[in-house]
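Student: A predicted structure for the sequence below; I have some questions about it.
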Amino acid sequence: MERKYVAEPFRIKAVEPLKMLSHAERVKKIKEANYNLFHLRGEDCYIDLLTDSGTNAMSQTQWAGVMQGDEAYAGSSSYYKLIEAGKDIFDYGYIQPVHQGRAAEKVLLPLFLSEGMFAISNMFFDTTRAHVILAGARPIDCVIEEAKNPHIRAKFKGNMDVEKLEKTILEKGSDNVGLVVMTITNNSAGGQPVSMKNLQEVSDICKKYKIPLCIDAARFAENAHFIKRDEEGYQDKAVKEIVREMFQYGDMFTMSAKKDAIVNMGGLLGIKEKESPLVLKVKANCMSYEGFFTYGGLAGRDLEAMAIGLYEGIDENYLKYRIGQMEYLASRLDEAGIAYQSPVGGHGVFIDAAEMYPQIPYYEYPGQTLCIELYKEAGIRTCDIGSYMLGNDPDTNKQLKADFEFSRLAIPRRVYTQSHLDTIADALISVKKRAHTIQQGYKITWEPPILRHFQAHLAPLS
Ligand SMILES: *Cc1c(COP(=O)(O)O)cnc(C)c1O
């Protein structure tokens, strides 16, 4: 049954007109982009679901904050406002602004990882995986098995498999595991949440083996909403309380503020204790890579907008509307019999492209194939979360086989309406109808050594 759409807890004050290309123009554009959707111009996309990162609509309060941003090089009032918000929401002693999530990874990960070491996560996000490898270490994913089957509607499918975690630690030797990373929500598994219980169990294992636990916190607010909705004992707790409890299980966090802090640029790094040798090292790395520690690569106005956005992101009416958009779109796909990572997660709908195109093997990139078809169909830009994104084994250089072949429809925050969501569902239904006519996928004709999906060139095999 079609689910009721949760109405917006806001109204629209400024509008951004969209260009509408013809089908023939879109076919030409995607070819010119070497079948890499990252190479399309934004203006050539009617509905841009490439990512929910930095594509959010800021509120009037945030825009007013932009005007009030304090651009002092050191110690700006916007910095102090952000630090207060960070300490209040996460209850951590040290908060460091950085220019985006991967900057926090670059500053923090080499302090724990080096040649020959391992980092274990429920699932690494692509940039986090890249920074583990750049530090000389190797990333290992230990997500629960249910996550790998898009049809199993289990709660908290983003969880770490704690038995597998402990087994992996013993196998590699606890001294060789530099860091455990809990990605909340689990982006690569489909924005699937992690339960409080799982966070606690992972934290217990980390303590047992004296391994630090880092939270990759890009979608902390959406995760907290799921805990409130689905985990026993949390229905009467405020999201803010739940957030504080979640973060008590970590020792540190890296965060892309371009997601749940509803800004267009920014990131945070947090450390539980206020002062420590680690804090000094973080400040030192930050000053080399990002800028003086009171601005961390951001303008004062960015710090100000983030301080405000952190609170807007945990507003419970907003979160109900936000997750409601995913639930509405997913209900339309259920009606049409289109498979996706279910139950639907926090920041998008991850279509099961392997099921849509059973005839296309992983090394011909079914996820990417579906993304290209959706663009041709309706000017909708999405991205592959599958073997194309995963890339090659860093040691053997062979194409890795991903656990999933998804095309991700990431939904920007406060940007698209119910009619846009209907347009997306209708396009998917058309693409599915002619899915059997596509015999082959794509091959890569050029690729860089790391994070290839952003830049690679592709060509159709038929
Ligand atoms: C977006 C994201 C990152 C990287 O953040 P950027 O701001 O894009 O650099 C890291 N981890 C997760 C889970 C993310 O979603």
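Tutor: That came through, no problem.
Student: For the helix or strand hosting residue 207, list the C-alpha coordinates in CSV.
Tutor: Here residue 207 sits within helix 196-208, counting by DSSP states H and E. Output of helix 196-208 as CSV, limited to C-alpha atoms (Å, rounded to 0.1, in the frame of the first residue of the first chain):
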residue,chain,number,x,y,z
MET,A,196,22.6,1.2,20.6
LYS,A,197,23.1,-2.4,21.7
ASN,A,198,25.5,-3.1,18.9
LEU,A,199,27.5,0.1,19.6
GLN,A,200,27.7,-1.0,23.2
GLU,A,201,28.9,-4.6,22.3
VAL,A,202,31.5,-3.2,19.9
SER,A,203,32.7,-0.8,22.5
ASP,A,204,33.0,-3.7,25.0
ILE,A,205,35.2,-5.7,22.5
CYS,A,206,37.3,-2.6,21.8
LYS,A,207,37.9,-2.1,25.5
LYS,A,208,38.8,-5.8,26.0
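Student: Okay, the closest residue to the ligand within the stretch 1-150 of the chain and residue 427: tell me how far apart.
Tutor: Of all residues in the stretch 1-150 of the chain, residue 101 sits closest to the ligand, at 2.3 Å by C-beta to the nearest ligand atom. Heads up, the C-betas are built off the backbone N, CA and C, glycines and all. Going from residue 101 to residue 427 by C-beta to C-beta, to the nearest Å gives 30 Å.
Student: So those two - more neighbours on which side?
Tutor: Neighbours were counted for residue 101 and for residue 427 using other C-beta atoms under 10 Å; residue 101 has more, 25 against 20.
Student: Contact partners for the nearest residue to the more buried one once chain neighbours are set aside?
Tutor: Leaving aside its sequence neighbours, residue 101 sits nearest to residue 256 (C-beta to C-beta, 6 or more residues apart in numbering; 2.8 Å). With C-beta atoms under 8 Å, 6 or more residues apart in numbering as the criterion, the residues that contact residue 256 are 53, 100, 101, 102, 104, 218, 267.
Student: For the helix or strand where residue 325 lies, name the packing helices and strands.
Tutor: Residue 325 belongs to helix 316-336 when assigned by DSSP H and E. Secondary-structure packing of helix 316-336 (3 or more C-beta pairs under 8 Å, 6 or more residues apart in numbering; DSSP states H and E): helix 220-230, strand 348-352, helix 418-433.
Student: would a markdown table of these with mean pLDDT be doable?
Tutor: Converted to a markdown table, these look like this (pLDDT from 0 to 100):
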| stretch | mean pLDDT |
| --- | --- |
| helix 220-230 | 98 |
| strand 348-352 | 97 |
| helix 418-433 | 98 |
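Student: so which of those gets nearest residue 390?
Tutor: In terms of C-beta to C-beta, the element of the helices and strands packed on helix 316-336 nearest to residue 390 is strand 348-352, at 14.3 Å.
Student: Okay, angle between the closest one and helix 316-336 too, please.
Tutor: 20 degrees (axes from the mean of the first three to the mean of the last three C-alpha atoms, to 10 degrees).
Student: Return the following helix or strand past strand 348-352 as PDB; C-alpha atoms alone will do.
Tutor: Sequence-wise, the next helix or strand downstream of strand 348-352 (DSSP H and E) is helix 353-356. The C-alpha coordinates for helix 353-356 follow below in PDB (Å, rounded to 0.1, in the frame of the first residue of the first chain):
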ATOM      1  CA  ALA A 353      20.600  -3.400  -9.700                       C
ATOM      2  CA  ALA A 354      21.800  -7.000  -9.600                       C
ATOM      3  CA  GLU A 355      18.200  -8.000  -9.400                       C
ATOM      4  CA  MET A 356      17.100  -5.600 -12.100                       C
END
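Student: next one: helix 353-356 to chain centre, how far?
Tutor: 21 Å (C-alpha atoms, centre = their mean, to the nearest Å).
Student: can you check stretch 270-283 too?
Tutor: 25 Å.
Student: how about that stretch: buried residues?
Tutor: The neighbour-count check on stretch 270-283 (16 or more other C-beta atoms under 10 Å) flags 270, 271, 272, 278, 279, 282 as buried.
Student: which of those residues sit farthest apart?
Tutor: 272 and 282 (12.3 Å).
Student: Name the residues contacting each of these two.
Tutor: residue 94.
Student: ok, what's across the strand from the residue of the stretch 201-350 of the chain found nearest the ligand?
Tutor: The minimum distance from the stretch 201-350 of the chain to the ligand, using C-beta to the nearest ligand atom, falls at residue 256 (3.1 Å). Under DSSP bridges, the beta-bridge partners of residue 256 are residue 267.
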